[in-house]
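Peer 1: Model the structure of this input:
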Amino acid sequence: MSLEEVRSARMSIGEAALLTRLSNRAIRLYESQGLLQPARGANGNRLFSGRDVERLQVIAMARRMGVTLKEVARVIETFERCGPNAAVAALKGACEARLQQLEEQQHELRAFLIRRASPARNAGDV
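Peer 2: As a prediction, the model looks like this:
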């Protein structure tokens, strides 16, 4: 399927899941969080557009990077308002913030382990 065909297609949640490598459950979660609003068919089933699939791919990529759903929503909003370059910058900022959090947690863990392994602590354990 060409990119143009994907963009103009209307597909089921199963087809969108295959294209994005997300589970149906994850897609429903992202919808419930307001990250996308697929159309509905006459039978009430979700109909995903190519744009919905692109949005799901952005969400999946951001989640793999450890970005929270709240931050993902900001990235998507930035994309809609300002375009892809601004969205990439927003995603980079979210990743840098996450990296800072991980470094702080690593420092806390290291300090804890050093305190646990100190000779004074071990002597008191005897």
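Peer 1: ok, and what's touching stretch 99-106?
Peer 2: G66 (Cβ atoms under 8 Å, 6 or more residues apart in numbering). Glycine gets a C-beta too; all of them are placed from N, C-alpha and C.
Peer 1: can you give me the offset of that stretch from its chain's centre?
Peer 2: Between the centre of stretch 99-106 and the centre of its chain there are 19 Å (Cα atoms, centre = their mean, to the nearest Å).
Peer 1: now do stretch 15-25
Peer 2: With Cα atoms, centre = their mean, you get 14 Å for stretch 15-25.
Peer 1: Kindly confirm my reading that L47 is in a helix.
Peer 2: No. Assessed with DSSP: H, G, I helix; E, B strand; the rest coil, L47 is strand; it does not lie in a helix.
Peer 1: my guess is it contacts S12, does it?
Peer 2: Yes. Contact criterion Cβ atoms under 8 Å: L47 and S12 qualify, at 7.4 Å.
Peer 1: Between the two, point out the one with more neighbours.
Peer 2: Comparing L47 with S12 by other Cβ atoms under 10 Å, the one with more neighbours is L47, at 18 against 15.
Peer 1: Under the pLDDT cut-off, which ranges of the protein? List them.
Peer 2: 1-8, 120-126 (pLDDT under 70).
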